[in-house]
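Q: Just to be clear, the model below is a prediction. Sequence and coordinates:
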Protein chains: 2
Amino acid sequence: MEMEIKKDVYVLTGEIADLLEEGRYSEVKRRVSLLHPVDVAEIIASLDVQKQVLLFRLLKKDQAIAVFEQLDFEQQENLLHHFTDEWVAKILNQMSPDDRMELFDELPAKVVKKFLNLLEPEQRNIAASMLGYPENSAGRIMSPHVIDLKEFYTVEQALSRIRRLNPPEELAYTAYVIDAERHLLGILTLRDLILASPEERVGDIMSRDFVFVFTDDDQEKAAQIVQKYDLFSVPVVDREGRLVGAVTIDDVIDVMEAEATEDLHRLAAIVTTEDEYLRAPLGKKIKSRFLWLAILLIMGTFTSFVMQSFEGILQAAVALSFFIPMLTDTGGNVGSQSTAVVVRELALGRIEGPSLWKMIFSEALIGGILGILLGIVAVARVIFLRESLLLGLVLAISVWIIVFISNLVGVFLPVLFKKMKLDPAIAATPVITTIVDIIGVFMYLEIAQKILPL
Amino acid sequence: MEMEIKKDVYVLTGEIADLLEEGRYSEVKRRVSLLHPVDVAEIIASLDVQKQVLLFRLLKKDQAIAVFEQLDFEQQENLLHHFTDEWVAKILNQMSPDDRMELFDELPAKVVKKFLNLLEPEQRNIAASMLGYPENSAGRIMSPHVIDLKEFYTVEQALSRIRRLNPPEELAYTAYVIDAERHLLGILTLRDLILASPEERVGDIMSRDFVFVFTDDDQEKAAQIVQKYDLFSVPVVDREGRLVGAVTIDDVIDVMEAEATEDLHRLAAIVTTEDEYLRAPLGKKIKSRFLWLAILLIMGTFTSFVMQSFEGILQAAVALSFFIPMLTDTGGNVGSQSTAVVVRELALGRIEGPSLWKMIFSEALIGGILGILLGIVAVARVIFLRESLLLGLVLAISVWIIVFISNLVGVFLPVLFKKMKLDPAIAATPVITTIVDIIGVFMYLEIAQKILPL
């Protein structure tokens, strides 16, 4: 077989670390020049800081930029601190604007200001205008250097222009047709150009019917559009319809992954600004989790007040308390399920208008049916263990009510938050379970009080 | 501004439904021919079955295929039932192989067999060999009709071949260089071809250093590679290194989204075969949730046994029971957080080797610190409400132990499942919380028994 299986990155990292220790720099240079920037970035991430800087200086300039763009923010920041301003300027000026913006997004404003001043005028303008767009907007993650053509170009002239512009891979396959004021008129792909005759006019081949996003549209919207229409990129225009850049599919994939991770974290009540939880420093991790845990702990004490108000009945029939964890667990499980589904569907933009009420009605029905089924399971258990049948009745009714209510709470809360323009995932699983516990414990003890002869 | 904002799909759907009712078919034809297949698919999805079939028959053949490929599996199956075998054969033969495989993946074997027989020999061979690959493998989601070139081609000859092959968008930008036995030798992109001179040889331009996947590799691996290296597609080879197709980025995005949704659902103990929970029929939805809920309900009864064994102390100090929901909630919340993070990182392939132990150690430390902080919150609350200080001590110690243990359980369980070659997301949040409750309740009452004078 002609192909070589890639050497394990750990093995490589170890070898390169050793070579650096021994000072065998030309050997390091030789090996590293054969590697893909992504793999070099992985190696750097596993080395200690001094070796990181050493290795980075040994890279050829082009490769150095490409590698730098692949590093995590923490590593980028680290390396920049160890470089001279001259080096920093070189790197920053040659980074692609979208990757540079990712870096700037994470740095404190003071540092960003300093870095902006290290940029050449043209790059500074680009960076400054991108910084002008809202956080997490299409304008912040777009690539400004798109291929732009005029309607009257022939296919041959268009291809010439593309060669002259020498675009990077992610921008090479879609060309945007603009007028003299940069208004976006149409789109064509490199495939369209290849398959056409050299004398055809761009204006005749291009597609005038296209999707686009505004600079201040949310990055998630750009991602949804790219995914829905199977595009390689989506054009970004300002409010006058002028082309300013495009969000490319590689950035879309990163956005999708980050948003999915964030949703998952939020659903568990973890507050993260970045999805790299594992790589965050210890203090940050604790901060991202403690807040909600503390709030929920305090909220959880409401259940103790509820139970305190039923002290009499609990004293009289201590066995009642035995089943409380089981009931609160069930309520929480049901609530987690429905909230997980709804938060995800809202994030994917799949619940709108009439389908919303359909869903709520459907979930109410499901809650009712699940409640009956689980109530039967609870009663079956009571019978199986030959416990009091009245208690079994209390349990069955409580299970039914708790399941029905928690299912609806799990569905309603994210939707409510969304309507209030909040992030639906704040209706995190722990929040749902805590609310459901308070309601559930109350209903259970009320029912017990009504039914049991005490 | 030259661009038109897209008409709302609901409005369009309503209009087209009315036109179909009135029998104004040529108007429907006219309107629909202006729409993107994705939008036509959305409209079809919102119509009743008869109108769906009607509308579909009104589409021009090319558009019909494109629209059909965009439909959900349920809609595809529905429509196929209403068509003659001749129509079905036409559609199936002209679908792109990867979309056809998506459909076949969902159909019962009997139907797949019938459909295979409706295919022309060449299409049937393709479909049959793709069916031969494991479920959720790269071979199942790949596109077989990739651009293949020989080393000795000139750039001009290569471009000629591409024009002749007339590949669809998603396959047009990467060309695979093979030898006479179809062994994969190198890769080049359409950009490379455009930027090169017409007389250069493919073998001199191509990149011999490339990533690839085997036909039986998991589809998630293909997705991770495409994302990691910012590719538009990744080649799929058999075990002899022969090129059989490529997984394209549009399918990668769908895989990523489906896997993320599935992870989120699994984390909430919902068993889904497909991520379209909301569109599944009622019975399916209940089935996907009831199993785990029932299992967890039964598991939850262990807590009642634990509490029963401490009946004496609970009878003597009923107030102890007031805090049980709060404690179990906290344990569950902590466990959900750590399991959410670990399951996600495992899914993204970001935890391996040494970083695993680093993470476990780090989480042990975090659990300890969070436990102390939350213990303080618990004590503060006790002091604030002027309750028994001894009880406060019991609570603080219990909180600490519960937080520490649940954090580790939330981290260990997914990792353990992964080592046992199970899906880590089976360590769903509800499973974690139930396990943690049993441990937590036991520890709490043990500590209370030791410390309180009863």
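A: Ah, there it is.
Q: contacts, neighbours, all on C-alpha from now
A: Noted.
Q: quick one: the residue nearest to the spatial centre of chain A from chain B, how far?
A: Against the mean C-alpha coordinate of chain A, by C-alpha atoms, centre = their mean, the closest residue is A:Glu259 at 1.5 Å. As judged by C-alpha to the nearest C-alpha, to the nearest Å, A:Glu259 and chain B stand 10 Å apart.
Q: A:Ile270 too?
A: For A:Ile270, the distance to chain B - C-alpha to the nearest C-alpha - is 6 Å.
Q: looking at this, that residue is in a helix?
A: No. A:Ile270 sits outside any helix when classified using DSSP: H, G, I helix; E, B strand; the rest coil, being coil.
Q: Which residue is the nearest non-sequential neighbour of it?
A: A:Arg289 (5.0 Å; C-alpha to C-alpha, 6 or more residues apart in numbering or on different chains).
Q: Please state the offset of the strand or helix carrying that neighbour from the chain centre?
A: For A:Arg289, the element it lies in under DSSP states H and E is helix A:282-309. Mean C-alpha position of helix A:282-309 versus that of the full chain (C-alpha atoms, centre = their mean, to the nearest Å) differs by 25 Å.
Q: How far off centre is the following helix or strand past that helix?
A: Helices and strands here follow DSSP H and E; after helix A:282-309, the next one along the chain is helix A:311-316. In terms of C-alpha atoms, centre = their mean, the centre of helix A:311-316 is set 48 Å apart from its chain centre.
Q: quick one: buried residues of helix A:311-316?
A: A:Glu311, A:Ile313, A:Leu314, A:Gln315 (16 or more other C-alpha atoms under 10 Å in any protein chain shown).
Q: do stretch A:433-453 as well
A: A:433-445, A:447-449.
Q: For A:Asp105, grab the count of nearby residues.
A: 16 (other C-alpha atoms under 10 Å in any protein chain shown).
Q: re the thing from before, which of the buried residues of stretch A:433-453 fall in helices?
A: A:433-445, A:447-449 (DSSP state H).
Q: Could you check what's spatially nearest to A:Leu149, not counting adjacent residues?
A: That would be A:Val177: by C-alpha to C-alpha, 6+ apart, it lies 4.7 Å from A:Leu149.
Q: same question, A:Ala138
A: A:Gln219 (4.6 Å).
Q: Contacts only, for that neighbour.
A: By C-alpha atoms under 8 Å, 6 or more residues apart in numbering or on different chains, the contact set of A:Gln219 is A:Asn136, A:Ser137, A:Ala138, A:Ile141, A:Val255.
Q: Could you rerun that using 7 Å?
A: A:Asn136, A:Ser137, A:Ala138 (C-alpha atoms under 7 Å, 6 or more residues apart in numbering or on different chains).
Q: can you list those in a markdown table and add secondary structure?
A: Converted to a markdown table, those look like this (three-state DSSP):
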| residue | secondary structure |
| --- | --- |
| A:Asn136 | coil |
| A:Ser137 | strand |
| A:Ala138 | helix |
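Q: Which of the residues you listed sits closest to A:Ala268?
A: Closest approach to A:Ala268 among the contacts of A:Gln219 (C-alpha to C-alpha): A:Asn136, at 22.0 Å.
Q: Kindly state the pLDDT recorded for that closest one?
A: pLDDT recorded at A:Asn136 is 88.
Q: pretty sure it contacts A:Glu220?
A: No. With contacts counted by C-alpha atoms under 7 Å, A:Asn136 stays clear of A:Glu220, the gap being 8.1 Å.
Q: If you count surrounding residues, which of the two has more?
A: Here A:Asn136 and A:Glu220 are compared on neighbour count by other C-alpha under 10 Å; more neighbours surround A:Glu220, at 19 against 15.
Q: which stretches of the stretch 101-250 of chain A have low pLDDT?
A: For the stretch 101-250 of chain A, no stretch is flagged by pLDDT under 70.
Q: For it, what lies in contact range of chain B?
A: For the stretch 101-250 of chain A, the contact set with chain B under C-alpha under 7 Å from any C-alpha of the partner chain comprises A:Arg163, A:Glu169, A:Ala172, A:Leu185, A:Arg191, A:Leu195, A:Gln227, A:Tyr229, A:Asp230, A:Glu240, A:Gly241, A:Asp250.
Q: Tell me which two of those residues sit farthest apart.
A: Farthest-apart pair in those is A:Leu195 and A:Glu240; separation 32.4 Å (C-alpha to C-alpha).
Q: This completes my enquiry, with thanks.
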